[in-house]
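Q: Pasting a predicted model and its sequence here:
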Amino acid sequence: MSLVALSELLGATVRDASGTARGRVREIAIAPQEHPTRVAYLIVRTADGERIVPAASLKACGVTVRTDSDASAWERSTTSDGVLLLKRDLLDQQIIDVHGRKVVRVNDVELDSTPVNSHVILTVVSVDVGARGAIRRLTKGMVPSFTLRALLAKIPPRVIPWQYVDLLETDPARRVKLKIAYEGLSKLHPADIADIVEDLPAAEREAVFETIDEEVAAETLEEIDPKVQVSIVESLDSNRAADIVDEMDPDAAADLLGDLSEDHSGQILREMQPEERLEVTQLLEFGEHTAAGRMTTEYIAVSATAAVDDAIDALKRFEGTREALATIYLIGAGHKLVGAVPLVKIATSSPAIELSTLAEAAVSCAPDTPQDEVAALFDKYNLITLAVIDEHGRLAGIITADDVITMLRHSD
Amino acid sequence: MNLRTLTKGWKIRLALLVAVVGPGFITANVDNDAGGIYTYSLAGAQFGYSLLWTMIPITVALVVVQEMASRMGAVTGKGLSDLIREEFGFRVTFWLMLALVITNFGNVVAEFAGVASSLELFGWSRYIVVPVAAMIVWLLVVQGTYRSVEKIFLLASGFYVAYIVAGLLAHPDWKAAAVATVSRPSGLGIRNYPYLFMLIGLVGTTIAPWMQFYLQASVVEKGITARQYRTARWDVILGCLFTDIVAWFIIVACAATLYAKGHPDIQNAADAAQALRPLAGEYAYLLFAAGLFNASLFAASILPISTSYAVCEGLGFEAGLDKKFHEAPVFYWLYTLLIVTGAGVLLVPRFPLVHVMVLSQVVNGAVLPFVLIFMLMLTNDRELMGEHVNTRTFNVIAWVTVVVMIVLTLALVITQLRG
């Protein structure tokens, strides 16, 4: 096997079965429907227009490209629907480097040509994003190719293996045809995805959010700058937006919907699941900078008479965020808050013990408490969660420490 | 429609405008930098009111070009260097970026020279002023966020009012100035070479390559989208109008004093302020000097950062103030070097400053045609711009503008090289 760069192949002379030079390489095409990395055909500019040279007829790929087919058999190149054209779609374009977790620009593409039964099979191996590809393209045609190769070998390569490359495509139909699903991207931590997405132009952001899994999209959206959040949600159709907002933390969802225009947030709310909609609309009624605006309604509450066993059951059934797990709240008659049990005590106690014996007095605040007072409570009592209770002493929601950190970071 | 709904409509429109105002307004104003102010002063001092007629066509040209950059930013969400790289390839981008660095370096030097000469009027040594100014510029951008920096820049744009007040203090002949603005004077023709050179100079300082990169990048950074674009267009138009009104007042102020009293020879913008002192009074002098300081520091803050962004984005280096120094080394080094060397050369005794300026102007003239033609090609690319491609009428105006700009800029380069 040997590596050949896309920029070397482009413009290379193409010889047919008789050995006559027939034209020059203009494009290299991959058909992802057939094979994800193997080159399907070359587009060659000949005296008789642009022709397609099937990859199966390639005998050598380098400074000159040899084929064992007759030039007269090369079909006329017409549509490029459903294929990935390496020069047009990849060279100089931005891609997501999943491994390095950032957006990069492609300087060159490295292909591997492996001889098999007197033919060569050409496959894409990696994209070059470093100085090597840049210098190769800058000096192409000015320095003899063997000198250049020797020179370039001295430059440490900066390449991204093809499996870590996620292409950016804004046309949904083409995304399907080219099988672009942002699989690599979806596996990253939502906070990393958020950083990447913030670096993308608006249309590409939209493409990512249309494609990735709703749950990942929701978690990612929570990590994104509020202003960018709004522009992303506005660009999605309300159906898709509702699906994503459904999966978000109710307090984050309420903050986001509060920033949207009333028309838009109304539309999204209408299409949300009834249960999530109820929670979010309740939160929306409070001011954003109060305890109620910061709280989440997804918390663990069990009856004051329950045992450790019941608390563990409740933990297993809980679907909210992990941060809310830190405290189990005890509820008396009429949903009144009577106490709190830290998770640690549950973990270290035997199942039959009654929770009331483990309970501590729960620190709480009113829904209209300003957010800086909320932060002060966290500081004073070293809290992980804080209960928000209404005027009748009923548990309305909880605030978690991670929300307070976010709040403090954004307050200046 | 009753009055209430009418005012409500206006309030909404005003709120929409406030949300997008910034990039266009700031870019247009930075155009009146140290070099611009000098050129306008000289035009007024040497030719009185007789070049005022150029202000209207210059404004049109400025609006046409800026509008394209702003529209591209809003529609594509990408910077100009990104688009050039994606559509025209690596090699073109590389040479263009190299040229941009050279010409912008010259501009940075000119801005720091403006800072130095304006404060030397007050007797402050450049050996203190220039390093302090460089430090301020560096910190402002590295420590600030886009939003806070934009507010400071908008404030700096507001300070240009100083020139309008100075113009009022110069007690010009308003009627003559107004007539000269709308009609070309008959006495001066194409054969009058000094007049022609001055005209070329005026036009040449109006549209620079860096402005297009800066404007488009800040439209993107502000998050303006195609839907807000109709309003964003007003940002560009108002910015260009304000900028050229300021320019008009500079010309008028110098025409009413320096030209009228026969002091046509000024070497730089600080000279103009100095020469105004006995003619237009202490306040006009102070306003001119303060205006020059503001303009120079303002442009010095914008040029290095906009250059670093354009170069890094075009060539694929990490860029952005939200990145740490080690994450985006090329970005920060380029930015820092432009400031340090740009300010530094002013402190080197007997540094051949004139040669740097001439080189910068020549490269500027060589780059501008490419940038403008690329912009026209990009804004006509339907795949890129969708329904926001140039209309036929716009294209006619834009091509005429671009061809005139190119011819005049090349003429300026030739006069620079011969002079």
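A: Everything's here; your move.

Q: interface residues of chain B facing chain A?
A: Counting by Cβ under 8 Å from any Cβ of the partner chain, the residues of chain B close to chain A are B:76-78, B:82, B:85-86, B:89-91, B:93-94, B:220, B:223, B:225, B:315-316, B:318, B:320. Where you see a C-beta, it was placed from the backbone N, CA and C, and this is true even at glycine.

Q: Just the buried subset of those, written out for PyMOL, thanks.
A: Remark: buried members of the residues of chain B next to chain A, expressed as a PyMOL selection using 16 or more other Cβ atoms under 10 Å in any protein chain shown:
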select buried, chain B and resi 76+77+78+82+85+86+90+93+94+220+223+225+315+316+318
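
Q: Of all the residues in the stretch 251-400 of chain A, which one is nearest chain B?
A: With Cβ to the nearest Cβ as the measure, A:Ser261 is the residue of the stretch 251-400 of chain A nearest to chain B, at 11.7 Å.

Q: And B:Ile207, how far from A:Ile399?
A: Separation of B:Ile207 from A:Ile399 (Cβ to Cβ, to the nearest Å): 54 Å.

Q: okay, these two: which has more neighbours?
A: Taking other Cβ atoms under 10 Å in any protein chain shown, B:Ile207 and A:Ile399 do not tie; A:Ile399 has more neighbours (30 against 23).

Q: State the helix or strand in which that one lies.
A: Assigned by DSSP states H and E, A:Ile399 falls within strand A:395-400.

Q: Quick one: residues contacting A:Ala301.
A: A:314, A:328-331, A:395 (Cβ atoms under 8 Å, 6 or more residues apart in numbering or on different chains).

Q: That should have said A:Ala203, apologies.
A: Residues near A:Ala203 by Cβ under 8 Å, 6+ apart: A:170, B:76-77.

Q: Equivalent analysis for B:Ile237, please.
A: Here B:Ile237 is in contact with B:24, B:63, B:67 (Cβ under 8 Å, 6+ apart).

Q: ok, now A:Ala292?
A: A:283, A:286, A:367-368, A:388, A:396-397.

Q: Next: B:Gln66.
A: For B:Gln66, the contacting residues are B:24, B:27-28, B:211-212, B:215, B:236, B:239-240, by Cβ under 8 Å, 6+ apart.

Q: The helix or strand hosting it: what's the following helix or strand?
A: Assigned by DSSP H and E, B:Gln66 belongs to helix B:55-76. Per DSSP H and E, the first helix or strand lying C-terminal to helix B:55-76 is helix B:80-88.

Q: can you give me the mean pLDDT across the helix or strand just after that following helix?
A: Remark: after helix B:80-88, the chain's next helix or strand is helix B:90-120, criterion DSSP H and E. For helix B:90-120, the mean per-residue pLDDT is 90.

Q: Equivalent analysis for stretch B:315-330, please.
A: 84.

Q: Can you get me the start-to-end distance on it?
A: 11 Å (Cα to Cα, to the nearest Å).

Q: How far away from the center of its chain is that stretch?
A: In terms of Cα atoms, centre = their mean, to the nearest Å, the centre of stretch B:315-330 is found 26 Å from the chain centre.

Q: Which positions within it qualify as buried?
A: Judged by neighbour count using 16+ other Cβ under 10 Å, the buried positions of stretch B:315-330 are B:315-319, B:321, B:323, B:328.

Q: same check, this time on stretch A:209-223
A: For stretch A:209-223, by 16+ other Cβ under 10 Å, it's A:209-212, A:214, A:216-223.

Q: Over to stretch A:92-112?
A: Going by neighbour count (16+ other Cβ under 10 Å), the buried part of stretch A:92-112 is A:92-98, A:101-112.

Q: ok so, going back, now restrict the contacts of A:Ala292 to buried residues only.
A: Buried members of the contacts of A:Ala292, counted by 16+ other Cβ under 10 Å: A:283, A:286, A:367, A:388, A:396-397.

Q: In helices only, show me the buried residues of stretch A:209-223.
A: A:209-211, A:214, A:216-223 (DSSP state H).

Q: Tabulate those residues (a markdown table), appending pLDDT and distance to chain B.
A: Listed next are these as a markdown table, based on pLDDT from 0 to 100; distance: Cβ to the nearest Cβ, whole Å:
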| residue | pLDDT | distance to chain B |
| --- | --- | --- |
| A:Phe209 | 89 | 14 |
| A:Glu210 | 87 | 16 |
| A:Thr211 | 86 | 18 |
| A:Glu214 | 87 | 24 |
| A:Val216 | 89 | 22 |
| A:Ala217 | 89 | 19 |
| A:Ala218 | 89 | 21 |
| A:Glu219 | 90 | 21 |
| A:Thr220 | 91 | 17 |
| A:Leu221 | 90 | 16 |
| A:Glu222 | 88 | 18 |
| A:Glu223 | 90 | 14 |
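
Q: longest helix in chain B, by residue count?
A: helix B:282-315.

Q: Which SSE is immediately downstream of that helix?
A: The helix or strand immediately downstream of helix B:282-315 is helix B:329-344, counting by DSSP H and E.

Q: what's the strand or helix carrying A:Leu151 packed up against?
A: Per DSSP H and E, A:Leu151 falls inside helix A:145-153. Packed against helix A:145-153, as judged by 3 or more Cβ pairs under 8 Å, 6 or more residues apart in numbering or on different chains; DSSP states H and E, are the following elements: helix A:131-139.

Q: related to what we said a few turns ago, flag whichever of the buried ones among the contacts of A:Ala292 scores worst on pLDDT.
A: A:Phe286 (74).

Q: quick one: that one from A:Ser265, how far?
A: For A:Phe286, the distance to A:Ser265 equals 15 Å [Cβ to Cβ].

Q: got it, and A:Asp403?
A: Distance of A:Asp403 to A:Ser265, given as Cβ to Cβ: 21 Å.

Q: ok, now B:Thr205?
A: 48 Å.

Q: Ok, B:Gly239 next?
A: In this view, B:Gly239 and A:Ser265 are 33 Å apart by Cβ to Cβ.

Q: between those two, which one's more packed in?
A: The neighbour comparison of B:Gly239 against A:Ser265 (other Cβ under 10 Å) goes to B:Gly239, with 27 against 23.

Q: who touches that one in this structure?
A: B:24-29, B:66, B:157.

Q: at 7 Å instead, please
A: Going by Cβ atoms under 7 Å, 6 or more residues apart in numbering or on different chains, B:Gly239 touches B:24-25, B:27-29.

Q: I'd like those residues as CSV, with secondary structure, neighbour count and pLDDT appended.
A: CSV is the format used below for these (DSSP: H, G, I helix; E, B strand; the rest coil; neighbours: other Cβ atoms under 10 Å in any protein chain shown; pLDDT from 0 to 100):
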residue, secondary structure, neighbour count, pLDDT
B:Gly24, helix, 27, 83
B:Phe25, helix, 25, 84
B:Thr27, helix, 32, 87
B:Ala28, helix, 28, 85
B:Asn29, helix, 26, 84
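
Q: leaving aside the residues next to it on the chain, what's closest to whichever residue of the stretch 151-300 of chain A sits closest to chain B?
A: The stretch 151-300 of chain A approaches chain B most closely through A:Pro201 (3.2 Å), counting by Cβ to the nearest Cβ. Excluding its sequence neighbours, the residue lying closest to A:Pro201 (Cβ to Cβ, 6 or more residues apart in numbering or on different chains) is B:Gly77, at 3.2 Å.

Q: per-residue pLDDT, that neighbour?
A: Looking at B:Gly77, its pLDDT is 88.

Q: same question, A:Asp372
A: Looking at A:Asp372, its pLDDT is 87.

Q: near chain B, which residues of chain A show up?
A: Within chain A, the residues that sit near chain B (Cβ under 7 Å from any Cβ of the partner chain) are A:92-93, A:104-105, A:107, A:129, A:134, A:137-138, A:201-203, A:227, A:231.

Q: tell me the two of those that are most distant?
A: With Cβ to Cβ as the measure, no two of the residues of chain A next to chain B lie farther apart than A:Leu138 and A:Lys227, at 38.1 Å.

Q: who's more crowded, the two?
A: Neighbour comparison, A:Leu138 and A:Lys227: the larger count goes to A:Leu138, with 16 against 12 (by other Cβ under 10 Å).
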